[in-house]
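1. fold the following, please.
(3 chains)
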Amino acid sequence: MTSAITHSAAAAAESGAKPTLLSIRKVAKTFGRNVVLRDVSLEIAEGEFLTILGESGSGKTTLLRIVAGFEQASSGEVWVGAERLDDQPPYRRRVNTVFQHYALFPHLTVEENVGYGLRVAKRPADEIAKRVAEALDKVKMSVHAKAKPSKISGGQQQRVALARALVNRPRLLLLDEPLSALDANLRRQMQVELKSLQREVGIAFVFVTHDQEEAMVMSDRIALLRSGELEQVATPREIYSRPATAYVAQFIGHTNLLKCDVRGGVACCGSLSWAVSLPDGPALFSLRPEQLRLAGTGSSPGAVRVRGRVLHQAFHGATELIRVECGDGLVLVARTASGGALSDELELEYSPFEAVVVRESPERI
Amino acid sequence: MELLVSGPSASVPRSRWLLAHAAAAFAFLYLPIAVLILYSINGEGVGGFPPHHLTLGWYRMLFGDGAIWDSVLNSLEVALAAMAISLTLGVPAALALDRAQFPGKALFRRLVLLPLILPGIITGLSLLMLFNLVSLKLSLLTITLGHGTALISVATTEVFAGLQKLDRAQEEASLDLGANYWQTFWRVTLPNLKLSIIGAALLIFTLSMDEIAVSFFLIGRHNTLPLEIWGRLRRGITPEINAVSSVIFLFSLVTIVFWYRLRVRGEGVADVGAELVESAAPAET
Amino acid sequence: MFSRAYKTVVTVPPLAWVAVFLLVPYLLMFCYSFWSVSSLQTIVHSWDLENYQELLQKPVYWQTLLRSMWIAARVMLFSLLLGYPLAYFLSFYAGKRKDLLYQMVVIPLWVSYLVRAYAWKTILGSDGVLNTLLQYVHLTSHPLDFLLYSPFAVVLTLTHIYTPFTFLPIYAALEHIPRNLVEASHDLGATPTQTFWRVVFPLSIPGVLAGATFAFVLSLGDFLAPLLLGGPSGIMISNIVVSLFGAAYNWPLGAAISLGMLVLVVSLLFFSERLEKKWSFS
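-> Numbers count the residues shown, from 1 in each chain, chains lettered A, B, ... in the order given. The predicted structure follows:
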């Protein structure tokens, strides 16, 4: 499985014609008896925005910290270009981090915080002043240059943390759930700003989050991590429309997982059946709610139809999610445009081509 | 909170110097006591090193020493009484500081905490002048009053820290369910402060048993243990003193370890440290 | 959150006690400093500045005060030098042992002052452990005098006694520094040494100030160590006060010196607190 993932990643990198910047090779990490990462391999291209997505406990933060240098991998290697990265302490790596709680130095002003890395590197004073001013300008914090971190808001602190990292012109920027402490509106705004900042600066960003919507909005590619292993690495569109496993299908967006039996080219799931070209045996399908439509009077050819009783109708603004009980204990969730109240019984239909085969996601200890 | 979890990171540098320094510091802190204990079993008493023959004779002598036992009893009396005074006044003081507003609160807080940071001589002498004014003869009573006064601050800081950790919502829930302020205090507040109060009691007891600076000025005809030892020291050293010192050390050790375990049960290590800091310095607002 | 009765019961008794046993005594001391002693050994309410004039004019008081401050300064310095790296080690490098090591530092703090001072007396004496050891390994040929009954002995003993006192606030301050600040500093290219001076130490300054103040103030007013180990050259200001309340019987003069010490100590505490506030950044 690992080779398949690296293959697709390498392919993506090749097709994008961008060279590989960071190479994570078979990295594993164990804390005592706790296996946090098993055999993770990932390639990150120059200038790409890659998100490592996962639940808490998936190992995503640990992976980031290994790249930053705050943890040592139990096995495996990390390379940047032709140089080995993970045998160097964090202060010698050309990699910078934006921390989850910003980690701004409380005893220094915003300006002094941003210039910290440059001062440590003993750059000349006028160069520091110039670069700091530029960085603050880019994140729109010039006005607050002389303020102390305790006097500015969370969102502002976040920008300062960003400037502090970027001013050093790292080869790679790591972001550890930097938006998780912000409220929803500010978060959405920052997502857009971060993305455009990344485009402007042109550095590769490795972004860690548990929020799948955030990952979809911002990333060039998403690497979904579960229990220390990569489930899938692909572009947002690909990961959404062609999830590799049941876990991916459920983690990203909503889905209906259909457990079917294939007999003689026909997949059967309760009262549903449609033709597939698969060998006999059990199969798992993922069907997105928006792919389930209310059956109209004119039926589309080859569409699979199913009747059911409406259990619940949830209003989500532009769309609604409808839970329908379809007999044999099968409950389907459909997404439709918001309309009025629906009748108790209705008929759903979907095109069999839209049901995607996914692999099982077994429990990992 | 992962932010505060410390421990060597992947980039732990050579900390050999720090380790060596730490070892030297611990040696400095403990060697004198080790020497004491060693001498307490040394046949020749104080002179000569290394000790040639080991004996428990000094301890036997200690057990037969009537004056020492008398002073121990005196110290116990004083310690228990001081404990009672300090707790009875310190717990309300902590409550007052934590919750009530009243004129002179800032002055009160500083006064209560002052004896901890002030050299004992000032506390002792000022009380001496007071007792002299009201013609109160110096005795174990005056020593008790001195200890009680000086140690209120220990009770106050321990209980205050405990109050900070108390979840107000519990008291509010009690009121919400129909209990009045008194009932809430006895049923909810006090039980939550149990650990703090016990901790304070232990600390006050130990400090009172060891106290000498304030007691020095308030002593009457009866000695407390430290003053008895002091008296003998002025007259000349007997090896018995090593024995009694070792015993004192052992008791303090046990008490403090016990106290520490008690506190850490409810909190983290750093918090306990912070409280000890608070207990030795005027607290911030 | 309070009924009137509750509030009264809680505030009045401690306030009353503190007023009687702390405030009144200090006021009394204040008054005494303006009185004097007659030739018949009685206290005369003369209400003059004679005592203060004597203090200002006779050099023995000034000299002793300065010597005491010098001793206190050295105790402060040495206990900081001992205590800070110890606290740093425990906070950043001790890992799982931290708890145990912390207890080990705290324990001596609560073990009798007298026991610890006496222990040093046995070690430093001409017949004591140190001298015997030095002669045994032939580093010296006869006992060193200055070890005991000297300012050296006082400084050494008081350093021993007050190092845990300095350790505690420094350790607490260090523990409060979020570790992600250290990581951020490393991330930005600073070595552990640079990180210490640029980030850790500045943030620990309030703890250093608190610890230094304790050590200085408590050493300044100490009279037991000088009595046990100081000898004639190690007399400190409190010893003068002790004798004025004892054999030399001049309570008013003693009160004047004590009051002076009280004022000095309270001022030091006040300044220290102001500085601590200035350097605290949370």
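2. from the stretch 1-150 of chain C, which residue is nearest to chain A?
-> Of all residues in the stretch 1-150 of chain C, the one sitting closest to chain A is residue C:96 (11.3 Å; C-beta to the nearest C-beta). C-beta coordinates here come from the backbone N, C-alpha and C atoms, glycine included.
3. can you report how many residues lie near that residue?
-> The number of residues packed near residue C:96 is 7, by other C-beta atoms under 10 Å in any protein chain shown.
4. can you check the pLDDT for it?
-> According to the predicted model, the pLDDT of residue C:96 comes to 83.
5. that one should be in a helix, yeah?
-> Yes - according to DSSP: H, G, I helix; E, B strand; the rest coil, the state of residue C:96 is that of a helix.
6. which residues of chain A lie near chain B?
-> Near chain B, the residues belonging to chain A are A:69-72, A:89-91, A:101 when assessed by C-beta under 8 Å from any C-beta of the partner chain.
7. could I get those as a markdown table with neighbour count and distance to residue B:163?
-> Shown next, in a markdown table, are these (neighbours: other C-beta atoms under 10 Å in any protein chain shown; distance: C-beta to C-beta, whole Å):
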| residue | neighbour count | distance to residue B:163 |
| --- | --- | --- |
| A:69 | 25 | 43 |
| A:70 | 22 | 37 |
| A:71 | 21 | 39 |
| A:72 | 13 | 43 |
| A:89 | 16 | 44 |
| A:90 | 25 | 41 |
| A:91 | 19 | 43 |
| A:101 | 20 | 28 |
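8. low pLDDT regions in the stretch 151-282 of chain C?
-> Applying pLDDT under 70 to the predicted model, the residue ranges of the stretch 151-282 of chain C that meet it are C:282.
9. can you pull out the helices in it?
-> Across the stretch 151-282 of chain C, reading from the start of the chain, the helices by DSSP state H, counting those that start in this stretch fall at C:151-175, C:179-187, C:192-195, C:201-220, C:224-225, C:237-244, C:251-278.
10. what's the local residue count around the residue in the stretch 51-200 of chain B positioned nearest to chain C?
-> Ranked by C-beta to the nearest C-beta, the top residue of the stretch 51-200 of chain B for proximity to chain C is residue B:119, at 2.2 Å. Neighbour count of residue B:119, defined by other C-beta under 10 Å: 23.
11. around the closest residue to it other than its chain neighbours, count how many other residues there are.
-> Spatial nearest neighbour of residue B:119, excluding adjacent residues (C-beta to C-beta, 6 or more residues apart in numbering or on different chains): residue C:221 at 2.2 Å. Residue C:221 is flanked by 25 other residues according to other C-beta under 10 Å.
12. same question, residue B:234
-> Other residues near residue B:234 come to 9 when the count uses other C-beta under 10 Å.
13. and it, what element?
-> Taking DSSP states H and E as the criterion, the element that holds residue B:234 is helix B:225-235.
14. close to chain C, is that helix?
-> Yes - with C-beta under 8 Å from any C-beta as the measure, helix B:225-235 is seen reaching chain C through B:226, B:229-230, B:233.
15. for the helix or strand that that helix is followed by, packing partners?
-> Where DSSP H and E defines the elements, the next helix or strand beyond helix B:225-235 is helix B:240-266. Counting by 3 or more C-beta pairs under 8 Å, 6 or more residues apart in numbering or on different chains; DSSP states H and E, the packing neighbours recorded for helix B:240-266 are helix B:16-40, helix B:57-64, helix B:190-210, helix B:225-235, helix B:269-279, helix C:98-110, helix C:113-124.
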